[in-house]
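[1] Generate coordinates for the sequence data below:
(chains A, B, C and D)
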Amino acid sequence: MAKKLSNAQIAWRAAQDLPDDSYVNLGIGFPEMIAKFKPEGREVVYHTENGILDFGEAPPAGDEDWDLINAGKKAVTLNPGASFFHHADSFAMVRGGHLDVAVLGAYEVAENGDLANWSTGPGSVPAVGGAMDLVHGARQIWVVTDHTTKDGKPKLLKKCRLPLTGVGCVTTVYTSLAVIDIRGGRFVLREKLASMSLDELQALTEATLVADGTVKDLIVPEI
Amino acid sequence: MAKKLSNAQIAWRAAQDLPDDSYVNLGIGFPEMIAKFKPEGREVVYHTENGILDFGEAPPAGDEDWDLINAGKKAVTLNPGASFFHHADSFAMVRGGHLDVAVLGAYEVAENGDLANWSTGPGSVPAVGGAMDLVHGARQIWVVTDHTTKDGKPKLLKKCRLPLTGVGCVTTVYTSLAVIDIRGGRFVLREKLASMSLDELQALTEATLVADGTVKDLIVPEI
Amino acid sequence: MARIYPSLESALDCIEDGMAVMIGGFGGAGAPIELIHALVDRFKATGSPGNLTVINNNAGNGAVGIAAMIYAGMVAKMVCSFPRSSDPKAFTDRYLAGEIGLELVPQGTLAERIRAGGAGIPAFYTPSSFGTEIAEGKPQAEFDGRMYVQERWLKADVALIKAETADRKGNLTYRKAARNFSPLMAMAAKITVVQASRIVEPGEIDPEIVVTPGIFVNRIVEVANPAQEEALLRGGAK
Amino acid sequence: MARIYPSLESALDCIEDGMAVMIGGFGGAGAPIELIHALVDRFKATGSPGNLTVINNNAGNGAVGIAAMIYAGMVAKMVCSFPRSSDPKAFTDRYLAGEIGLELVPQGTLAERIRAGGAGIPAFYTPSSFGTEIAEGKPQAEFDGRMYVQERWLKADVALIKAETADRKGNLTYRKAARNFSPLMAMAAKITVVQASRIVEPGEIDPEIVVTPGIFVNRIVEVANPAQEEALLRGGAK
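    Below you'll find the model as predicted:
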């Protein structure tokens, strides 16, 4: 099997697609890493659910102000032009369609765009945060994820089995093996690792990958 | 017929009932006059629909700032502790039950508390402003009005004939002849001019006035 | 992302025939007079944009601002709460002649419908207007023993608003009661055009005092000493 | 009308067994630690107030703040969006043992429900949670070709919030992202209790920068150098 991308490499690849002049929400955890790889010169303003627009990188250790955090409760800094607002205004930005992109992690993604990323079912403590709002708010919903589960089972499915976060919401999936757009209820393969055949990729994907002859190589730097 | 109260005297009488430590909205026109007669030492904060809390008197002529106006588009000033906010927050204060009293004018009031004060029916330009929000928001809704129309017809009715502003909303009516509370779907007479008999007052009132033996004289100063 | 425009005309070139246009202001406070009159001038010169639906609390006063739009014949319909003013002739004459439409909305409902449009809330319930003719034909429901009327969100193609200070990223502050509907309209329009008395660099407005975050703003044009509608009217403007 | 209280205890004497209490803060930012711990102390000393429903975005972290309330046994139910934290043991253990209730609400819906409670909007429609188990049993409706879920307002008996500056009339400002849910909770509670780092005279806060107008505030107590929950936790507080 081909060497898959690291999380940093997945984040790098997603970052290359950040639109210029855009407002973006990066989900807590893995998606947050995308900010590090934003291409030079591209103007992106980051939104966080807890009421900041245009925050910047983490401060040096020891310089944290714990009243200045992102939704993942990590300390951040402010860029010039930042603003504070309360939670209802923050989710007005989300729900009202004012964000260009929101990026989330996933347990499962279905070919119709359904996303499951909040609950592994009974027996755990459920926690949804802002994900159910984000998936119905931003104009594009990206998922960054390993292509398969830890034990090699597909995460890109015909139909989600875990409790849903949102219905028909995901627009693009950046995985450790491929970049896949969701169009017309199908997984449309945009890029895949050159070292891997389409059949090999399909074998790790439950739903059919539509490859229409324009599939490009997924090329990322060593990170 | 007894000498009726002037508008200033009606406003004076209503002002005596302003609760201490209260938030009050005075409707545009006649109700605005109440502020002039607020008893000394009573703490009242005035709200205006267009986004000011704790505004004060009109500035001297020539000193007006036309960005600092009340809902009647009259120039006002600010008291220490004033604040500005947008229209949705302003009506959150209204609709959310945060005002103690709102005072409005009336074409008609019914004994069940229905109010008609916005439309004289077809043929005119309808204008409702904030009245329909105020009547369902403030804890008490007071009406200040002449007891009868210009041609002597009752304005305090069994049932309103003009288009309604609100249903069952009025709590007290301060008229040119009496002070009347609305309780249990009845006009309960609290005060009347001493110079007028109950029968005389009833003759100018379509619905029955309930006078339970505690009716006081309506006494106001010359103004 | 907000952009600075070099002229009123260029900032307004997104407005086309038949659009819904929210215009900030309550009475004269907050009325973006220069934007409005540049739009009137364009209509007089080119015949466009006409057939507009204008959303504002009022329906014009005297012959300036929205009244000038009505006199010019570019307004097909007003959505407002209070189409009266000290001199409402522009609207009143056309309304009584059946030449202009009116959707009358209680003021708090108007504000909340605009906020809902900006916040992605397609409908909400309010006690306002229950039992009145304004509620006729609208869904009604009981919650906790009280009756409420369902109201729908209100959006627009463009919002024209007046700010005191704008930074280059679109963050805005307002002046006193000129704030009124403008922060809501900025949220509810596809394109928000701002005339600001002053444009500053990002960071010059304290993040704590930003009223409208830049995400809600698209176009900014500087109008350094803006006219105030009420002052114009009292000065005898025709 | 807002009143200044001389002590945390006196400011909190309105809280009784079984009440619904909104508590400001997102993570540690904005958590009114001194108010919370005074309430915990009262419960430990007197056994009251217990059986509380606590509304907050989270469900406690470590052993301070809301986690201390849970450990003390005074919380019957949490209403929150994200009952996880770096150390969620206080809540998790009791939840998995069936000893504490949980109403899980998507974060934006939680914020909007609280705002609706404060704004007199008994119900609204949101796209959030449509098609998920969170939406089960709730009315759903189609608007403009898209499906939405009806959500109800959320109110509370008391809100406990932390402000940066309060004037004696109750006008508040917040510090950075410590703002979060607090301005909404101040609107939605019958009694809003504020711990402010600084109390000033009316007029000392510019009317343009007031975030929570005094009409939403009832009780203010000064806590001059408030603890910050996250800083406490990282400092090893138990």
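[2] All the helices of chain C, in order from the start?
    C:8-11, C:33-46, C:66-72, C:89-96, C:107-119, C:182-188, C:229-234 (DSSP state H).
[3] Just the buried residues of the first one, please?
    Taking 16 or more other Cβ atoms under 10 Å in any protein chain shown as the basis for neighbour counts, the residues of helix C:8-11 that come out buried are C:L8, C:A11. C-beta here means a position set from N, CA and C on the backbone, and glycine is covered the same way.
[4] Can you tell me which helix or strand of chain C has the lowest average pLDDT?
    helix C:229-234 (a mean of 93; mean pLDDT, DSSP states H and E).
[5] Need the contact partners of that one.
    B:66, B:69, B:73, C:25, C:27-29, C:31, C:33, C:61-62, C:64-65, C:86-87 (Cβ atoms under 8 Å, 6 or more residues apart in numbering or on different chains).
[6] Mind doing that once more with 10 Å?
    B:64-67, B:69, B:73, B:75, C:25, C:27-33, C:36, C:60-67, C:85-87, C:162, C:228, C:237-238 (Cβ atoms under 10 Å, 6 or more residues apart in numbering or on different chains).
[7] Could you turn the buried ones of those into a ChimeraX selection?
    Here is the ChimeraX command that selects the buried residues among the contacts of helix C:229-234 (16+ other Cβ under 10 Å):
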select /B:64,65,66,67,69,73,75 /C:25,27,28,29,30,31,32,33,36,60,61,62,63,64,65,66,67,85,162,228
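[8] What is the burial count for C:D41?
    15 (other Cβ atoms under 10 Å in any protein chain shown).
[9] That one reaches C:P49, doesn't it?
    No. Counting by Cβ atoms under 10 Å, C:D41 stays clear of C:P49, with 11.8 Å between them.
[10] hey, C-alpha coordinates of stretch A:26-42 in PDB?
    Taking C-alpha atoms only, stretch A:26-42 is exported to PDB below (Å, rounded to 0.1, in the frame of the first residue of the first chain):
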ATOM      1  CA  LEU A  26     -11.400  25.800  11.200                       C
ATOM      2  CA  GLY A  27     -12.900  23.100  13.500                       C
ATOM      3  CA  ILE A  28     -11.100  22.300  16.700                       C
ATOM      4  CA  GLY A  29      -8.200  19.800  16.600                       C
ATOM      5  CA  PHE A  30      -6.900  18.600  13.300                       C
ATOM      6  CA  PRO A  31      -8.600  21.300  11.100                       C
ATOM      7  CA  GLU A  32      -6.900  24.000  13.100                       C
ATOM      8  CA  MET A  33      -3.600  22.900  11.600                       C
ATOM      9  CA  ILE A  34      -4.600  24.200   8.200                       C
ATOM     10  CA  ALA A  35      -3.900  27.800   9.200                       C
ATOM     11  CA  LYS A  36      -0.200  27.000   9.400                       C
ATOM     12  CA  PHE A  37      -0.100  26.200   5.700                       C
ATOM     13  CA  LYS A  38      -2.000  29.100   4.200                       C
ATOM     14  CA  PRO A  39      -0.300  30.100   1.000                       C
ATOM     15  CA  GLU A  40       1.700  33.300   1.200                       C
ATOM     16  CA  GLY A  41      -0.200  36.400   0.100                       C
ATOM     17  CA  ARG A  42      -3.700  34.800   0.400                       C
END
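[11] That stretch and chain D in contact?
    Yes. Counting by Cβ under 10 Å from any Cβ of the partner chain, contacts between stretch A:26-42 and chain D involve A:I28.
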